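Trainee: No sequence on hand, only this structure:
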């Protein structure tokens, strides 16, 4: 599962970036189905992270989002209008609230395995420990 968790306090354009990713996914899904929307979402999502220095400090990042979408070959036409319309603001905000209130996340990345939060997502032993714990809990 992916939950939007735009770090609004330190990244003022994070909310708009999350909304842009939803816009791209929606447009791709409308024309090519669910799988096309999923591929477009992740392609654009990854491109946003790689190109964060190009849009993070802009007063209005929307035109740069359109440029990046065009560069990586995901739907760009209508992207600016979609983001500016606020079509996905409530969805992204709900994801953020879920991350903060229900999942109690404090930073990114946050990884869960079998409902248990991975303390050190870069440590294979942590995953193995949680797999054993998850299996033990399931056996009870």
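Mentor: Sure, I can see it. As the structure is a prediction and not an experimental result, all values here were calculated from the model.

Trainee: Only C-alpha atoms from now on, for both contacts and neighbour counts.
Mentor: Noted.

Trainee: Which residue ranges of the protein form strands?
Mentor: 112-113, 116-117 (DSSP state E).

Trainee: Let me have those strands in CSV, adding mean neighbour count and mean pLDDT as columns.
Mentor: Listed next are the strands of the chain as CSV, based on neighbours: other Cα atoms under 10 Å; pLDDT from 0 to 100:
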stretch, mean neighbour count, mean pLDDT
strand 112-113, 13, 82
strand 116-117, 14, 84
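
Trainee: Let me have those in a markdown table, extended by distance to residue 140.
Mentor: Listed next are the strands of the chain as a markdown table, based on distance: least, Cα to Cα, whole Å:
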| stretch | distance to residue 140 |
| --- | --- |
| strand 112-113 | 18 |
| strand 116-117 | 16 |
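
Trainee: Tell me how far stretch 79-89 lies from the chain's centre.
Mentor: 16 Å (Cα atoms, centre = their mean, to the nearest Å).

Trainee: Ok, stretch 82-98 next?
Mentor: Distance of stretch 82-98 from the chain centroid (Cα atoms, centre = their mean) equals 12 Å.

Trainee: List the buried residues of that stretch.
Mentor: 82, 83, 88, 89, 92, 93, 95, 96, 97, 98 (16 or more other Cα atoms under 10 Å).

Trainee: right, and out of those residues, which lies closest to residue 45?
Mentor: Nearest to residue 45 out of the buried residues of stretch 82-98 is residue 92 (Cα to Cα; 13.8 Å).

Trainee: Tell me which residues touch that closest one, please.
Mentor: 4, 5, 15, 18, 19 (Cα atoms under 8 Å, 6 or more residues apart in numbering).

Trainee: can you check residue 41 too?
Mentor: Residue 41 sits in contact with 21, 22, 24, 25, where contact means Cα under 8 Å, 6+ apart.

Trainee: roughly how far apart are it and residue 48?
Mentor: 10 Å (Cα to Cα, to the nearest Å).

Trainee: joint contacts of the two?
Mentor: Residues touching both residue 41 and residue 48 (Cα under 8 Å, 6+ apart): there are none.

Trainee: ok, now which ones touch residue 37?
Mentor: Per Cα under 8 Å, 6+ apart, neighbours of residue 37: 24, 25, 26, 27, 28, 29, 30.
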